[in-house]
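Enquirer: I'll drop the sequence and a predicted model, then ask my questions.
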Amino acid sequence: MTAHKSGDPLTLNRLYGRSSGHKLRQGQQALVETLLPQVDVPADGPITSAILFGDDRPLHFEIGFGSGEHLAHRADLLPDHGFVGAEPFLNGVATALGHVRDGPLRNVRLHMGDALEVLRRVPDGSLFMLYLLHPDPWPKARHAKRRMVNDGPVGLFADKLRPGGELRIATDHPVYLEWTLMVMQRHTQDFEWLAETPSDFLDPPSGWIETRYGAKSRREGRRPYYLRYRRT
């Protein structure tokens, strides 16, 4: 495992931002109370495909899945793969549970809370793909340490991805794009940027579905950027 200095921004032990919004509808509340316990990530112990799904299938992890559209689409597209999603926002988890029910998606496990806490419990070198899509940009310089793309978390991503595994990052914020490219440039010993032409980061990758956030971004005139990195 890569050694992380104690001063690294990996120590995001405090969860920034809100955890709930408008009151859940009755059906959403019922999903949280009945379905979430069935698909929830175990509270402790290692997070493996064998423990979650009973076999050695490829494992995907999405940090901050929003309303779960992308996670559900990928899980439906790859039914023989396993998907873990972590999201602190209650309303997003409730919406994602609707996707799991309607699928029905039996290859999805959810965690409502801190993604890094769960990711640390994934054995090193075991993730097939890791997704970080439209994270909070925290655009002010004094909030840079709150960004998910920082040396500490990126080191953790490298630890958990298997050789040849893929990290996908999407953002529509120019500050976050520049910041991400700068941070990832410091980790070329672990990651290879899979971009040879502009279309490789201007066009969405295979298996992509536009989320509600992505559609809103385009309507408001912001361009999404798609960054793909292979674990070397």
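Expert: Received it, and whenever you're ready, just let me know what you need.

Enquirer: For the residue of the chain most remote from its centre, give me the pLDDT.
Expert: Going by Cα atoms, centre = their mean, the residue of the chain most distant from its centre is residue 26, 27.5 Å out. We have a pLDDT of 93 for residue 26.

Enquirer: now the one 4 residues further on
Expert: The predicted local confidence for residue 30 comes out at a pLDDT of 96.

Enquirer: Buried residues of the helix or strand hosting it, list them for me.
Expert: Assigned by DSSP states H and E, residue 30 falls within helix 26-34. Residues 28, 31, 32 are the ones in helix 26-34 that count as buried (16 or more other Cβ atoms under 10 Å). For every residue, glycine as well, the C-beta is placed using N, CA and C.

Enquirer: got the contact list for the first one?
Expert: Just to be clear, that refers to residue 28. Residues near residue 28 by Cβ atoms under 8 Å, 6 or more residues apart in numbering: 91, 94, 95, 97, 98.

Enquirer: Which members of these are positioned in helices?
Expert: 91, 94, 95, 97, 98 (DSSP state H).

Enquirer: Kindly provide the distance from the fourth one to residue 199.
Expert: The one in question is residue 97. 35 Å (Cβ to Cβ, to the nearest Å).

Enquirer: Show me which of those two is the more surrounded one.
Expert: residue 97 (24 against 9; other Cβ atoms under 10 Å).

Enquirer: wait, what's in contact with that one?
Expert: Counted by Cβ under 8 Å, 6+ apart, residue 97 has contacts 28, 31, 32, 35, 36, 39, 68, 110.

Enquirer: And for residue 190, nearest residue in space, chain neighbours not counted?
Expert: Spatial nearest neighbour of residue 190, excluding adjacent residues (Cβ to Cβ, 6 or more residues apart in numbering): residue 158 at 3.8 Å.

Enquirer: The one you found: neighbour count?
Expert: Neighbours of residue 158 (other Cβ under 10 Å): 22.

Enquirer: Which of the three states applies to it?
Expert: helix (DSSP: H, G, I helix; E, B strand; the rest coil).

Enquirer: Could you spell out the sheet neighbours of the lengthiest strand in the chain, each with its direction?
Expert: For the chain, the strand with the greatest residue count under DSSP state E is strand 161-171. Applying DSSP bridges to the sheet, strand 161-171 is found paired with strand 127-133 (parallel), strand 225-231 (antiparallel).

Enquirer: who's in contact with the residue nearest to residue 190?
Expert: 2, 187, 190, 191, 231.

Enquirer: What segments of this structure are strands?
Expert: So, for the chain - with DSSP E - the strands run 59-63, 82-86, 108-111, 127-133, 161-171, 191-193, 225-231.

Enquirer: mind giving me a markdown table with the ones you listed and columns for mean neighbour count and distance to residue 219?
Expert: Shown next, in a markdown table, are the strands of the chain (neighbours: other Cβ atoms under 10 Å; distance: least, Cβ to Cβ, whole Å):
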| stretch | mean neighbour count | distance to residue 219 |
| --- | --- | --- |
| strand 59-63 | 25 | 24 |
| strand 82-86 | 27 | 25 |
| strand 108-111 | 24 | 28 |
| strand 127-133 | 22 | 18 |
| strand 161-171 | 20 | 16 |
| strand 191-193 | 16 | 29 |
| strand 225-231 | 19 | 17 |
